[in-house]
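>>> Give me a model of this one.
(one chain, ligands or ions: 1)
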Amino acid sequence: MPIFRKNHLIFLVLIASIYGCKTTQNQGTAQFKHSFGQTIASRSTPPEKCEEGTDNETQRLYIRAITDHIIKNNPNSFRGNLDAKFICVRVAKMNAFNANMNPVNGMMTVFKGVLDPKFQFNTDADVAAILSHELAHFTMGHDINGAVRTDNIPPGYDVSREQELRKLVDEARSNREHFLAKKSRDFFSLHAQELRNLVAEVNANMAPNTPVLGLRNGVIEFQKAMNQTISSQEDLPAQEAMAGFDTYIIGIRNYAAGNFPDLMSPETLAKTTQLIVSREALDSGLDPYDQATHQAWDTLKEYSLPREQFNEQQADEVGFELFLRAGFDADVYPNTFEKIYQYVVGKTNCAAITSESPAPGRLRTDKEDRIHPDFCFRYWDLKYAERRTHQKEYEPLIRRPGILNLPATEALRVKLAQ
Ligand SMILES: [Zn+2]
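Residues are numbered from 1 along each chain as shown. Alright, predicted model coming up:
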């Protein structure tokens, strides 16, 4: 299951289609934005638990500065719901070229790879193109996690069918989770004493305030969760204890193999191995809910695809307007899709194969990304179609001289280049 599904996030790059978009009227044109676009009507609370921390504060401040600039210049765009306090900016340590937005809570994550010189997103405008697409997902309220907004769907799309499928999935998943929780409880009841002994040994061998402090805290949490699991019939403690057990085992293995070889005796290591084997034995065998869950999930995924493809095109087009209102150079926006195409797909030069007409194919056919339109289609849409369709609105924005870099980010850019 692709990770973006699990997290209910909407990605910029990694996700296209052999499965035709069910909309027929507007396919391949740039009508979406103004026909259906409405932002979430009221939004008055900042995101919960916004932890903006990262391993590289300069990178985060840089992304934040450009984000704030886009927001500040779009106070009345799309019902005026773009407000810096609703958006949380994080920079993920992973060196991938990607970004995502949780349209429900405003959590935007930009992967560090976006700032990697090899992708040549060298100017603020390059980065702003990506951020604008993500901010558009937020301002349009693109929620792929269940709450389908009826004012934000392609024509001819049957929302009630999607909701029916979603109900099936939720039911199957909850049954499956219950099943797994029961298994976990069995495991902990069977092996309670051995696990307690192991935990006691680790505790006894660990000096406080050593680099293994993280493991110590993990052990304490695990012990609590395990005890609660054995005494409770609830699913959640069992699942938490199982997750804790996995973390615990990984920790033990690392410390035993690495810097702390004397942490555990050979006998204890043997016992640990025995426990892992028991756990795997318990996990094997038929999971009666697993197949049903995945089948329902796959059906839903196929069904909701046209709506999500529609959301992505809408995010490209709404993002373009946010980008232009922020004063950035109009040509940079389509060019970013060409650049991503070069690096992600390995093909080059949308400009050479794409002229104003005819339109290139809209949907991608590779398995990795069926949600986003083809990169050269995205280039073409923003370079020609969208501008032509909304000529009156765009003309004054496009005609003014475009910005490449903001004065406000100069110091940060110098620091990043070091
Ligand atoms: Zn997107």
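
>>> looking at it, Y394 is touching E317, isn't it?
No. Contact status for Y394 versus E317: not in contact, 10.7 Å apart, counting by Cβ atoms under 8 Å. Backbone N, C-alpha and C define where each C-beta goes, glycine included.

>>> Which of those two has more residues huddled nearby?
Per other Cβ atoms under 10 Å, whichever of Y394 and E317 has more neighbours is E317, with 25 against 17.

>>> wait, the more buried one sits on A385?
No. Judged on Cβ under 8 Å, E317 makes no contact with A385 at a distance of 9.1 Å.

>>> one step back: what residues are shared contacts of Y394 and E317?
Shared between the contact lists of Y394 and E317 (criterion: Cβ atoms under 8 Å, 6 or more residues apart in numbering) are residues E386.

>>> any idea how far D124 lies from L412?
D124 sits 10 Å away from L412, going by Cβ to Cβ, to the nearest Å.

>>> And these two? Which one has more around it.
D124 (25 against 20).

>>> What separation do you get for that one and the ion?
20 Å (Cβ to the ion, to the nearest Å).

>>> so what's that residue closest to, chain neighbours aside?
Of all residues not flanking D124 in the chain, N405 sits nearest, at 4.7 Å (Cβ to Cβ, 6 or more residues apart in numbering).

>>> Same check on L180?
Of all residues apart from its sequence neighbours, Q239 sits closest to L180 (Cβ to Cβ, 6+ apart), at 7.0 Å.

>>> before we move on, which element is the one you found in?
helix 235-257 (DSSP states H and E).

>>> elements contacting the very next helix or strand once past that helix?
Of the helices and strands lying after helix 235-257 in sequence (DSSP H and E), the nearest is helix 266-283. Where contact means 3 or more Cβ pairs under 8 Å, 6 or more residues apart in numbering; DSSP states H and E, helix 266-283 is packed against helix 159-205, helix 235-257.

>>> Can you say which of the ones you listed is nearest to the ion?
helix 159-205 (18.9 Å; Cβ to the ion).

>>> for whichever helix or strand F323 is part of, packing partners?
Using DSSP H and E, F323 falls within helix 290-325. With contacts taken as 3+ Cβ pairs under 8 Å, 6+ apart, helix 290-325 sits against strand 10-11, helix 32-36, helix 124-139, helix 159-205, helix 332-340, helix 386-389, helix 391-399.

>>> Give me the angle between it and helix 124-139.
Interaxial angle, helix 290-325 versus helix 124-139 (axes from the mean of the first three to the mean of the last three Cα atoms, to 10 degrees): 120 degrees.

>>> So which bits of helix 290-325 are buried?
292-293, 296-297, 300-301, 303-325 (16 or more other Cβ atoms under 10 Å).

>>> Return the mean pLDDT over it, rounded to an integer.
Mean per-residue pLDDT for helix 290-325: 85.

>>> What of stretch 362-374?
On average, stretch 362-374 scores 78.

>>> same thing with stretch 333-342?
On average, stretch 333-342 scores 88.

>>> And the strands in the stretch 1-150 of the chain, which stretches?
Secondary structure of the stretch 1-150 of the chain (DSSP state E, counting those that start in this stretch): strands at 10-11, 88-92, 99-102, 107-111.

>>> Would you mind giving me the confidence score for the residue lying farthest from the centre of the chain?
Residue farthest from the centre of the chain, counting by Cα atoms, centre = their mean, is E267 at 43.1 Å. Looking at E267, its pLDDT reads 74.
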